[in-house]
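Enquirer: Below is the sequence, then the predicted model.
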Amino acid sequence: MKHIAILGSTGSIGTQALTVIAANADRYTITALAAYQNEKLLAEQIEYFKPKIAVLIDKLAADRMVTAYQGKTKILAGEEGLLEAATFYQTDTVLTSLVGFAGLKPTVAAIKAKKNIALANKETLVAAGELVMSLAKEYNVSISPVDSEHSAVFQCLNGENKQQIKRIILTASGGPFRGRTIEEMRNVTVEDCLKHPNWSMGRKITIDSATLANKGLEVIEAKWLFGVDYDNIEVCVHPQSIIHSMIEFIDGSIMAQLGMPDMRLPIQYALSYPERLSSEFPRLDLTKLAALTFAEPDTVNFPALKLAYSAGKAGGTMPCIFNAANEVAVYAFLNGEISFLDIIQVIRYTMEKHTLIANPDLEQIDAADAWARHLALLAVNDLKK
Ligand SMILES: NC(=O)C1=CN([C@@H]2O[C@H](COP(=O)(O)OP(=O)(O)OC[C@H]3O[C@@H](n4cnc5c(N)ncnc54)[C@H](OP(=O)(O)O)[C@@H]3O)[C@@H](O)[C@H]2O)C=CC1
Ligand SMILES: CC(=O)[C@@H](O)[C@H](O)COP(=O)(O)O
Ligand SMILES: [Mn+2]
């Protein structure tokens with residue numbers, strides 16, 4: 001029996017992970033669940049999975065739950081509660097599926113408590129990749145990727161020598177605005193952006209897919225997960241999202257992982273690795289596919305990808321700044337405060353103003369994140385005028 005804690009159990013990844021766990025109840029049991037404020041869904045999850053600990057980060061929501069709840073699960077609140085859920089002694093593996101920078105501290109705490117990590121929260125490695133990977137090494141814990149592209153690379157690497165990778169090729173759907181010019185994206189609405197062509201995901205990552213910032217975050221995530229230089233990580237637009245990513249080896253051979261766009265598979269693989277479990281997930285029928293197509297990313301009309309590469313290559317606190325400014329801008333867009341094209345302005349402005357700190361520790365990363373959020377908010381306020 002593997003004992004799993006899910007941080008972000010009420011989200012797109014969290015709920016799909018729970019279906020995987022429910023379907024494999026002979027192998028997995030839930031020790032802890034954490035969410036931000038969705039008390040109704042968390043209550044249903046507690047009822048079904050009976051974790052030892054459940055957390056609502058929002059203290060008011062947690063207070064309401066504590067008052068109403070009469071079962072055996074210990075209900076906790078706030079960041080302290082989240083850290084307790086991340087480090088609970090009975091847990092073997094922590095699935096990190098909170099959204100944004102909020103995923104970093106509980107992940108660090110979980111690693112220090114010697115928990116293996118199934119990592120969906122890519123922002124953790126973007127903000128603090130070097131620190132998190134070296135902590136994982138120090139505490140001898142594994143970090144298994146959940147993100148579909150990184151799971152694909154991880155699967156292609158099975159039994160291979162990492163030193164023999166020539167390049168990683170991350171596939172990108174291109175998002176809902178693939179093929180459009182900046183001019184044609186000037187007036188797009190939140191609703192337009194939330195129509196991802198292939199995946200049903202949380203709002204923040206869906207906007208990131210539309211700007212291509214998601215692929216930028218994934219390039220940085222891949223650098224830290226697989227230890228490959230930025231010059232050897234490429235992005236290829238593949239609108240069908242059937243090939244989830246590829247590796248070219250030094251002999252010229254390219255390995256790819258294919259499958260229907262369904263996150264339950266990479267979630268399950270991250271939990272079951274090195275084993276594979278049978279599943280009822282929809283199967284890919286190659287004979288029914290019209291075509292698999294590939295193109296270079298359009299970095300003129302979608303500059304976020306280039307900005308992410310430059311943040312990654314600059315290193316130090318710069319990727320953390322890219323991430324924080326992006327988070328602020330995306331939520332400002334979702335709240336109707338700025339336009340879609342303003343997102344990139346906020347990121348660029350914040351990065352330009354930043355004085356990079358090399359080899360930051362967690363405290364410096366935390367401070368850099370707060371600094372970037374402050375500056376990005378000023379930029380948002382300016383754009384609102
Ligand atoms: N969805 C997908 O298919 C994929 C997602 N990922 C990554 O996985 C992570 C989760 O994404 P996804 O499941 O789509 O996101 P969702 O928005 O669907 O879920 C987010 C989860 O985080 C909680 N949450 C919301 N706001 C905060 C906050 N401010 N602080 C802490 N927790 C918060 C939510 O709780 P509540 O419900 O209570 O608000 C919810 O449990 C992201 O890092 C994303 O990039 C990676 C690959 C694919
Ligand atoms: C499912 C998943 O892993 C997402 O990160 C997905 O890759 C987003 O699609 P884009 O390729 O459009 O960014
Ligand atoms: Mn992805």
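Expert: Happy to help now that I have it. Ligands and ions are numbered 1, 2, ... in the order given.

Enquirer: how about the residue nearest to residue 98 when sequence neighbours are not counted, what does it touch?
Expert: Spatial nearest neighbour of residue 98, excluding adjacent residues (Cβ to Cβ, 6 or more residues apart in numbering): residue 8 at 3.9 Å. C-beta coordinates here come from the backbone N, C-alpha and C atoms, glycine included. Going by Cβ atoms under 8 Å, 6 or more residues apart in numbering, residue 8 touches 14, 34, 35, 95, 96, 97, 98, 99, 103, 120, 121.

Enquirer: Could you rerun that using 6 Å?
Expert: 14, 97, 98 (Cβ atoms under 6 Å, 6 or more residues apart in numbering).

Enquirer: Can you name every helix or strand that the longest helix anywhere in the chain contacts?
Expert: Looking across the chain with DSSP state H, the single longest helix is helix 362-384. Helix 362-384 sits against helix 318-334, helix 342-353, with contacts defined as 3 or more Cβ pairs under 6 Å, 6 or more residues apart in numbering; DSSP states H and E.

Enquirer: Now with 7 Å, please.
Expert: helix 122-138, helix 318-334, helix 342-353 (3 or more Cβ pairs under 7 Å, 6 or more residues apart in numbering; DSSP states H and E).

Enquirer: residues in contact with the second one?
Expert: With contacts defined as Cβ atoms under 7 Å, 6 or more residues apart in numbering, helix 318-334 is touched by 100-101, 123, 126-128, 190, 203-204, 207-208, 213, 217, 220, 307-308, 311-312, 338, 340, 342-343, 346-347, 350-351, 354, 356, 365, 368-369, 372-373, 376-377, 380.

Enquirer: near ligand 2 at all, that helix?
Expert: No: judged by Cβ under 6 Å from any ligand atom, helix 318-334 makes no contact with ligand 2; its nearest approach is 13.2 Å.

Enquirer: The residue in the stretch 201-350 of the chain that ligand 1 sits nearest to: neighbour count?
Expert: With Cβ to the nearest ligand atom, the shortest gap between the stretch 201-350 of the chain and ligand 1 falls at residue 202, namely 2.5 Å. The number of residues packed near residue 202 is 16, by other Cβ atoms under 10 Å.

Enquirer: residues touching it, list them.
Expert: So residue 202 contacts 11, 12, 99 (Cβ under 7 Å, 6+ apart).

Enquirer: Same question for residue 279.
Expert: residue 268.

Enquirer: now the one 5 residues further on
Expert: Under the criterion of Cβ under 7 Å, 6+ apart, the contact list for residue 284 reads 242, 258, 259, 260.
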